[in-house]
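Chemist: for reference, the sequence and a predicted model appear below.
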Amino acid sequence: MARRAGSADLPLHSGHVPPWLAQRMTRLGAVISQAIVHHYGRDELLSRLAHPFWFQSFGAVMGMDWHSSGITTSVLGSLKRGLAPLSGELGIHVCGGRGKHSRQTPAELIAVGERVGLDGAALAQASRLVAKVDSAAVQDGFDLYLHGFIVADDGQWVVVQQGMNDERRQARRYHWSSRELKSFVDAPHAAIEGRGHGEIVNLTDRRADASRAAQIHMLQALGPDGVAREAVKLAAAEAPPPAQATLPHLVMPDHHDVRPEDVVTRRLHGALAAAAEQGPKDFSDLLMVPGVGARTVRTLAMVAEVVHGAPCRFSDPARFSLALGGKDRHPFPVPTKVYDETIRVLKAAVESAKLGHEETLGAIRRLDDQARRLERVADGPSVKAYIAQERAASPSYGGRSVFGWESDLVGDMPSRRVPDR
């Protein structure tokens, strides 16, 4: 996986995840993580978390706002809660968080080190350095407010942290990975997400090596006062700054609704066709979980891609919001009955796999294989039509959003209601 995976615009959203969704996200995030570790190992889970496109899709498939900055906080919070009781089994520990929780990261890492035999002080130092680089060495106009540190028992780690720019109502997420990391100040990022607003001072770029050395030399030769005088002279000269190279980036739009242009339709049709091809009845029998219907199988096909999909398949995070909707009713209310069935199926599959029975987890994997084969030839409803179908069926699926139960909103405009947060 490329160490620089690209960048993306993340609209800055306020509010928080309602408890009824947070509890489900915790369970679903944990069981998806278990499935990834079971199939590919914990290094692969760390690699996924360091990939900004996958991270956004992961949050979207769990019912969070598919395009917003809130995915970062909610995903890290869900993993911290969900993986804590599994840390002995998986060997993965999630530390830090938002605001005051981010400042507790070093102490949490030291405690993890004491439990599993790692150098907790070194991990704590790494945490501080990562935060310092993104707050001081990369001056891009975004103030850090979230810092998550995920570490494995073998000492490999990933950092996901996020900054905000209130004036522009934008957020930027930074991904770090200890894999292949040789220096904290020489191009260390796995990826940076966010729209560039003007010139960015990035002293961690490899091309800035001479600049870093010159700054140290200048400070030693001139002292702080001398550096300040030179800075005044440079400002007066008003020399135009050099042009900067840009990284490929994923643009997360400001609009909240999911539109056709946000989704790679052939991939959606592949997942729908795979679910239909398996057949709800036969698939239910195979899973040996009573009550699993066609709608749950469609969700499982999308979840299966989050577990098994290649990095190139996560260029359209909006598509994964079509699995379990969104808390703000976009693209449609969260189908809580389907959500609960999905968790139950995945949990049963993982538990069976632990006992050596791979049939159930293997069947879910075959859904992803089938979807990729069929997307070249499959046809299906438009994105707009699919969303309309889901909205119409939402009351029967236990549809719920921050505005309340969908069955209670018939004839009522959600925009006029006070959100049930």
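Modeler: That came through fine. Remember, it's a predicted structure, so these values are computed and weren't measured experimentally.
Chemist: what about the stretch 1-150 of the chain, any weak spots by pLDDT?
Modeler: Across the stretch 1-150 of the chain, the ranges flagged by pLDDT under 70 are 1-9, 134-140.
Chemist: what residues go with each domain of this protein?
Modeler: Per the record, the chain has its domains at 7-200+244-250, 260-416, by automatic domain parsing.
Chemist: OK, contacts around the residue most central in space within the chain?
Modeler: Central residue of the chain (CA atoms, centre = their mean): residue 55, 2.4 Å from the mean position. Neighbouring residues of residue 55 by CB atoms under 8 Å, 6 or more residues apart in numbering: 48-49, 71-72, 75, 160, 173, 175. Just so you know, the C-beta spots here come from the backbone N, C-alpha and C atoms, and that holds for glycine as well.
Chemist: mind exporting the C-alpha coordinates of the host helix or strand of residue 47 to PDB?
Modeler: Using DSSP states H and E, residue 47 falls within helix 42-49. Extracted in PDB, the C-alpha atoms of helix 42-49 (Å, rounded to 0.1, in the frame of the first residue of the first chain):
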ATOM      1  CA  ARG A  42      -3.800  -7.800  12.500                       C
ATOM      2  CA  ASP A  43      -1.200  -6.100  10.300                       C
ATOM      3  CA  GLU A  44      -3.800  -5.900   7.600                       C
ATOM      4  CA  LEU A  45      -6.300  -4.200  10.000                       C
ATOM      5  CA  LEU A  46      -3.700  -1.600  10.800                       C
ATOM      6  CA  SER A  47      -3.000  -1.100   7.100                       C
ATOM      7  CA  ARG A  48      -6.700  -0.600   6.500                       C
ATOM      8  CA  LEU A  49      -6.900   2.000   9.300                       C
END
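Chemist: which parts of that helix are buried?
Modeler: For helix 42-49, the neighbour count (16 or more other CB atoms under 10 Å) marks 42, 45-49 as buried.
Chemist: which element follows that helix toward the C-terminus?
Modeler: Using DSSP H and E, the helix or strand that follows helix 42-49 towards the C-terminus is helix 52-61.
Chemist: can you tell me what sits against the helix or strand that that following helix is followed by?
Modeler: From helix 52-61 onward toward the C-terminus, using DSSP H and E, the following helix or strand is helix 70-83. The list of residues contacting helix 70-83 from outside it, by CB under 8 Å, 6+ apart, reads 10, 13, 15, 17, 22, 25-30, 33, 55-56, 58-60, 62, 64-65, 90, 92-98, 146, 148, 150, 160, 162, 171, 173.
Chemist: and stretch 32-49, by the same measure?
Modeler: Contacts for stretch 32-49 (CB under 8 Å, 6+ apart): 1, 54-55, 58, 79, 82-83, 86, 90-92, 150, 152, 156-158, 160, 175, 177, 179, 303, 306-308, 346, 349-350, 353-354, 361, 364-365.
Chemist: what subset of the residues you listed is buried?
Modeler: Neighbour counting with 16+ other CB under 10 Å marks 54-55, 58, 79, 82-83, 90, 92, 150, 152, 156-158, 160, 175, 177, 303, 306-308, 346, 349-350, 353, 361, 364-365 as buried within those.
Chemist: quick one: which of the residues you listed sit in helices?
Modeler: The helices in this structure, assigned by DSSP state H, contain 54-55, 58, 79, 82-83, 90, 303, 306-308, 346, 349-350, 353, 361, 364-365 from the buried ones among the contacts of stretch 32-49.
Chemist: list the residues that contact residue 322.
Modeler: Residues counted as contacts of residue 322 (CB under 8 Å, 6+ apart) are 258, 263, 268, 302, 331, 383, 386-387, 390.
Chemist: pLDDT of whichever strand or helix holds residue 273, averaged?
Modeler: Assigned by DSSP H and E, residue 273 belongs to helix 265-278. Per-residue confidence for helix 265-278 averages out to 90 on the pLDDT scale.
Chemist: so how far is it off the chain centroid?
Modeler: Computed by CA atoms, centre = their mean, to the nearest Å, the separation of helix 265-278 from the middle of its chain amounts to 23 Å.
Chemist: buried stuff in it?
Modeler: Taking 16+ other CB under 10 Å as the basis for neighbour counts, the residues of helix 265-278 that come out buried are 265, 267-278.
Chemist: now distance to residue 102 too, for these, in JSON lines please.
Modeler: Listed next are the buried residues of helix 265-278 as JSON lines, based on distance: CB to CB, whole Å:
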{"residue": "265", "distance to residue 102": "39"}
{"residue": "267", "distance to residue 102": "35"}
{"residue": "268", "distance to residue 102": "36"}
{"residue": "269", "distance to residue 102": "41"}
{"residue": "270", "distance to residue 102": "39"}
{"residue": "271", "distance to residue 102": "36"}
{"residue": "272", "distance to residue 102": "40"}
{"residue": "273", "distance to residue 102": "44"}
{"residue": "274", "distance to residue 102": "40"}
{"residue": "275", "distance to residue 102": "40"}
{"residue": "276", "distance to residue 102": "45"}
{"residue": "277", "distance to residue 102": "46"}
{"residue": "278", "distance to residue 102": "43"}
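Chemist: and the two most separated of the residues you listed?
Modeler: Across the buried residues of helix 265-278, the longest distance by CB to CB is 20.6 Å; it joins 265 and 278.
Chemist: one step back: show only the entries of the contacts of residue 322 found in helices.
Modeler: Using DSSP H, 268, 302, 383, 386-387, 390 are the members of these that sit in helices.
Chemist: my guess is residue 370 contacts residue 277. True?
Modeler: Yes: under the criterion of CB atoms under 8 Å, residue 370 lies in contact with residue 277, with a separation of 5.9 Å.
Chemist: need the strands for the stretch 301-421 of the chain, in chain order.
Modeler: According to DSSP state E, counting those that start in this stretch, the stretch 301-421 of the chain carries its strands in the segments 334-335, 399-401, 404-405.
Chemist: deepest of these, which one?
Modeler: Per-residue neighbour counts averaged over each of the strands of the stretch 301-421 of the chain give the maximum for strand 334-335, namely a mean of 27 (mean count of other CB atoms under 10 Å).
Chemist: contacts made by that one with the rest, please.
Modeler: 21, 63, 295, 324-327, 390, 394, 397-401.
Chemist: scan those residues and report the most crowded one.
Modeler: Taking other CB atoms under 10 Å to define a neighbour, the member of these with the most is residue 325, carrying 32 neighbours.
Chemist: shouldn't it be in contact with residue 318?
Modeler: No: contact criterion CB under 8 Å: residue 325 and residue 318 do not qualify, at 11.9 Å.
Chemist: can you pull the residues that touch both of these two?
Modeler: Here residue 325 and residue 318 have residue 331 as joint contacts, going by CB under 8 Å, 6+ apart.
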